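Asks: Structure of the sequence below:
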Amino acid sequence: MPVAPAPALADAVLLGHEEDGRRWPLLVWAPGPGTRMVSSAVLGGGIGERAWVVNAQVPPGYARLDPVAHLRALAARAGLEGAGVGLMTAAPVADRRCAADGGAEAVVTAGIGVRGWAAVPDEGTGTVGPPRPGTVNIIVSLPVPLTDAALVNAVATATEAKVQALVELGADASGTPTDAVCVACPATGDTEPEPFAGPRSLWGARVARAVHRATREACAAALARGD
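Replies: You can find the predicted model right below:
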């Protein structure tokens, strides 16, 4: 029996959850078993097989100290099982932006009211504790398997594309302090895993263009909203 194709990233389902007496959006994408992901997310970060991704909008000033448990509970309520990736953001998840290029897909949510450059003088302000919700969340889907090295390379490529979009918009920043990224691909395929995903490789170039377009649109909308 043929295996049903994974749902397109652009077809991720928008659900909801309750927090602080209000209902907030919850974006759910569930490609299912047989998917490998690399992510910087607080839930499901690292490299491994993951069956789903959620991007939860939470209230500004989110102060819970149990984001991993919170995301797991949200995923369970959405009917998701097994290992997955959980992202958080105070940006409007319903105002996500999608782009595709040659089979590579990207979905981006953005709020860039608190932004800056990655390298700044050390003023002794570093803190230790649960990460705050990210404000530029990037999810990428590829139709071909990648090696571990290529997955990491795809994260770097997506990040470069994000910075390019911000600079082009005149945002004078490389991102926000809490951005997160997730790249997904099949665990196996008809060919050997792709060994490269830099911006001048076949699939890396497609990732870069898709992420750049989605990020630019999402960040332009954030600038227009004032967040």
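Asks: only C-alpha atoms for contact and neighbour calcs from this point on.
Replies: Fine.
Asks: What are the boundaries of the helices in this structure?
Replies: Residue ranges of the helices in the chain, as given by DSSP state H, are 67-77, 148-168, 202-225.
Asks: pLDDT on the first one, on average?
Replies: The average pLDDT for helix 67-77 rounds to 97.
Asks: now for that helix, which elements pack on it?
Replies: Applying 3 or more Cα pairs under 8 Å, 6 or more residues apart in numbering; DSSP states H and E, one finds that helix 67-77 contacts strand 85-89.
Asks: Quick one: mean pLDDT over the strand it packs on.
Replies: On average, the pLDDT along strand 85-89 is 97.
Asks: Pull the residues that contact it.
Replies: Residues outside strand 85-89 that contact it (Cα atoms under 8 Å, 6 or more residues apart in numbering): 39, 41-45, 50, 52-58, 68, 71-72, 133-137, 180, 182.
Asks: Residue 107 against residue 95, yeah?
Replies: No - if you go by Cα atoms under 8 Å, residue 107 and residue 95 don't touch, sitting 10.4 Å apart.
Asks: on that earlier part again, list buried members of the contacts of strand 85-89 by neighbour count.
Replies: Among these, the ones that count as buried by 16 or more other Cα atoms under 10 Å are 39, 41-45, 50, 52-58, 68, 71-72, 133-137, 180, 182.
Asks: quick one on the thing from earlier: in strands, which of the contacts of strand 85-89 appear?
Replies: 39, 53-57, 136-137, 180, 182 (DSSP state E).
Asks: What is the burial count for residue 191?
Replies: Using other Cα atoms under 10 Å, the number of residues around residue 191 comes to 8.
Asks: Now do it against residue 147, distance only.
Replies: Distance from residue 191 to residue 147, counting by Cα to Cα, to the nearest Å: 12 Å.
Asks: Now render the helices of the chain as CSV, adding distance to residue 23.
Replies: Formatted as CSV, the helices of the chain follow (distance: least, Cα to Cα, whole Å):
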stretch, distance to residue 23
helix 67-77, 13
helix 148-168, 29
helix 202-225, 20
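Asks: Could you identify which of those is most buried?
Replies: Highest mean neighbour count among those (mean count of other Cα atoms under 10 Å): helix 202-225, with a mean of 23.
Asks: Contacts for that one, please.
Replies: Contacting residues not belonging to helix 202-225 are listed as 95-113, 138, 140, 154, 157-158, 160-162, 164-166, 169, 196-199 [Cα under 8 Å, 6+ apart].
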